[in-house]
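In: using only what follows, build the 3D model:
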Amino acid sequence: MRDSYINSLQLSSEKLRIISVRGRIGRVRLLAWSLLLVAAGLGSILLFALMSSMVKDLAGAIIPILLAAKILSLVFVARRMNDLGFNGWYSLLTLIPYYIGNLIFLALLLLPGNRASNRYGPPPPPNSKAVIVLAWLWVPLLVGAMFLASQNG
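Out: I've put the predicted structure just below:
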């Protein structure tokens, strides 16, 4: 029974493209792709910090990279909104300051998407093992961040 359900999902799912606002992604894939984006952003910041100590003119070059990362995160959120049946433009709500945007992002992680096709396309394909592992990597990272914050507080 479960295999026939997975096979029907695979047949009705479309190919995933990371840089596209069309289509849908689920909660686990949003976490996994967000982790990759955070890792790339932190790596860029570290690289530019090391390089700016050698070359003073590179300090402002990090701004376009961070802006590109924010735009890409809005693309991920738009696709998650599509999975819930909402227009992707609602992803701009995550830009609201004072924790409101963070609460909206948390809701995106807690609410299940539509199982059937909706006006934004077929359901996302099942998550691969790599996507699941990447999503679970948030747990030790957040625990480590809380531990470090408690040590400095």
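
In: for the residue nearest the centre of the chain, give its distance to Leu72.
Out: The chain has Ser34 as the residue nearest its centroid, 3.0 Å off, counting by C-alpha atoms, centre = their mean. Ser34 sits 10 Å away from Leu72, going by C-beta to C-beta, to the nearest Å. For every residue, glycine as well, the C-beta is placed using N, CA and C.

In: and Gly60, by the same measure?
Out: 20 Å.

In: show me which positions of whichever helix in the chain runs longest end up buried.
Out: The single longest helix within the chain, with elements called by DSSP state H, is helix 27-54. Judged by neighbour count (16 or more other C-beta atoms under 10 Å), helix 27-54 contains these buried residues: 27-35, 37, 41, 44, 48.

In: how about stretch 89-96?
Out: Within stretch 89-96, the residues that count as buried by 16+ other C-beta under 10 Å are Tyr90, Ser91, Leu93, Thr94.

In: before we move on, what about stretch 114-122?
Out: Quick answer for stretch 114-122 (16+ other C-beta under 10 Å): Asn118, Tyr120, Gly121.

In: end to end on that stretch, go ahead and measure it.
Out: Terminal residues of stretch 114-122 are spaced 9 Å apart (C-alpha to C-alpha, to the nearest Å).

In: between the helix or strand harbouring Met146 and helix 27-54, how big is the angle?
Out: Per DSSP states H and E, Met146 falls inside helix 138-152. Helix 138-152 runs at 50 degrees relative to helix 27-54, counting by axes from the mean of the first three to the mean of the last three C-alpha atoms, to 10 degrees.
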